[in-house]
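**Student:** what follows is a protein structure lacking sequence information:
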């Protein structure tokens, strides 16, 4: 399933300065019945967003109208716990295209990269600068350049580089998932197959 190409994202951000956010908090297990990637955004952080009577919890950041944007900024060890793909699906379906943290669980990072959400890992020091910038101004903008592998605080110009696998970087800039990538090189595969003896 192809998704939006990612080259440069300039956006405000939603702060979630909580460490060890696991996938069951991102999308509770009771919402894993669907097999398509749609509809999970409604239940992103469900138990943190809503009371038992389904009324919104006013003190949770996603219910605070002063915060918005396509970037979610989380604490260290974001996406730990079970390997459920649905956690990344929920992040994407809600509208986030980038998650910034000082550390990601490996499987969650991979699941994000497979569906077009860029996980940007920065130093703990730079993460705190990002949180501070949002606290000072909820409308503060951040620029994430996948091509340059750099995230910047627009107001101050401070920036930091991040790492990404070259294959995943290429897929994200083209809007490919793994199947799209193979279809894109189908001609090369067929040529190789014809020229290779059995």
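**Tutor:** Now that the structure is in, tell me what you want to look at. Because the structure is a prediction, the values reported are computed rather than measured.
**Student:** so where's the protein uncertain?
**Tutor:** 1-2, 34-38, 178, 181-193, 198 (pLDDT under 70).
**Student:** kindly recompute the last result at 80.
**Tutor:** Counting by pLDDT under 80, the chain has low-confidence residues at 1-3, 31-39, 83, 176-198.
**Student:** identify each buried residue in the lengthiest helix in the chain, please.
**Tutor:** Longest helix in the chain by number of residues (criterion: DSSP state H): helix 124-136. Buried residues in helix 124-136, counted by 16 or more other C-beta atoms under 10 Å: 126, 127, 130, 131, 133, 134. For the C-beta atoms, the positions are set from N, CA and C on the backbone; glycine is no exception.
**Student:** check which helices and strands it sits against.
**Tutor:** Applying 3 or more C-beta pairs under 8 Å, 6 or more residues apart in numbering; DSSP states H and E, one finds that helix 124-136 contacts strand 13-16, strand 71-74, strand 98-101, strand 150-153.
**Student:** which stretches in the protein count as helices?
**Tutor:** Using DSSP H, helices in the chain cover 23-26, 46-49, 86-94, 106-115, 124-136, 166-174, 178-184, 186-195.
**Student:** need the contact partners of the fifth one.
**Tutor:** This points to helix 124-136. The contact list for helix 124-136, computed with C-beta atoms under 8 Å, 6 or more residues apart in numbering, reads 13, 15, 17, 67, 73, 75-76, 100-102, 122, 140, 142, 151, 153, 155-156, 158, 160.
**Student:** also the first one?
**Tutor:** Outside helix 23-26, the residues that touch it by C-beta under 8 Å, 6+ apart are 44-45, 47-48, 79-84, 86-87, 90-91, 105, 108.
**Student:** any of the residues you listed buried? List them.
**Tutor:** Neighbour-count burial (16+ other C-beta under 10 Å) is assigned, among these, to 44-45, 48, 79-81, 84, 86-87, 90-91, 105, 108.
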